[in-house]
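Undergrad: Sharing a model that was predicted from the sequence below.
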Amino acid sequence: MSDEDQNATEREIMMVMRKVLTQIIKDLTPSDRDAAHPLTPQTIDDVRSCLGMIASRERELAELAGMAMQKPYYADDEPPAKVAPIDSIGRVPKRDDD
């Protein structure tokens with residue numbers, strides 16, 4: 001297995017681990033803010049540390065692969081570039097002297 005294949009596999013593992021950890025956090029977080037959290041403060045810190053290490057390794061692997069890191073975005077965020085519909089692009093009229 002080449003280094004590139006190993007890095008791709010490791011990137012996929014990191015992504016799955018991050019998704020699983022965040023889903024566990026969502027499932028365990030009480031819907032009522034006044035309710036006691038089922039995890040101890042030490043466990044919460046450990047999970048944060050794990051997510052930080054995963055993010056750090058994902059950045060390293062992306063740099064090794066020459067990829068830009070994907071950043072999360074919200075649906076109501078304005079996109080960095082505006083797409084112009086193709087039919088809004090007009091043709092330049094021909095000049096008479098050509």
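TA: Sure, I can see it. None of the values given here were measured: they were computed from a predicted structure. Residues are numbered from 1 along each chain as shown.
Undergrad: so Arg59, which of the three states?
TA: Three-state assignment for Arg59 (DSSP: H, G, I helix; E, B strand; the rest coil): helix.
Undergrad: ok, how many other residues are close to it?
TA: For Arg59, the neighbour count with other Cβ atoms under 10 Å is 12. (Each C-beta comes from the backbone N, C-alpha and C, glycine too.)
Undergrad: which strands and helices sit next to the helix or strand hosting Ser56?
TA: With elements taken from DSSP states H and E, the one containing Ser56 is helix 41-65. Applying 3 or more Cβ pairs under 8 Å, 6 or more residues apart in numbering; DSSP states H and E, one finds that helix 41-65 contacts helix 3-28.
Undergrad: which other helices and strands contact the helix it packs on?
TA: So helix 3-28, by 3+ Cβ pairs under 8 Å, 6+ apart, packs with helix 41-65.
Undergrad: Tell me where the model's unsure across this structure.
TA: The chain contains residues with pLDDT under 70 at 68-73, 79, 88, 91-93, 97-98.
Undergrad: One more pass at 80, please.
TA: 1-4, 67-98 (pLDDT under 80).
Undergrad: First-to-last residue distance for stretch 59-74?
TA: 21 Å (Cα to Cα, to the nearest Å).
Undergrad: do stretch 63-83 as well
TA: 28 Å.
Undergrad: tally of neighbours for Asp46?
TA: The burial count for Asp46: 12, using other Cβ under 10 Å.
Undergrad: go on, Ala62?
TA: Count around Ala62 with other Cβ under 10 Å applied: 15.
Undergrad: before we move on, back to that, so which bits of the helix holding Ser56 are buried?
TA: Across helix 41-65, burial judged by 16 or more other Cβ atoms under 10 Å covers 47, 54, 57-58, 61.
Undergrad: do the same with stretch 17-29
TA: Within stretch 17-29, judged by 16+ other Cβ under 10 Å, the buried ones are 17-18.
Undergrad: For that stretch, which outside residues touch it?
TA: 37-39, 47, 50-51, 54-55, 58 (Cβ atoms under 8 Å, 6 or more residues apart in numbering).
Undergrad: same thing but 7 Å
TA: Stretch 17-29 has contacts (Cβ atoms under 7 Å, 6 or more residues apart in numbering) with 38-39, 47, 50-51, 54.
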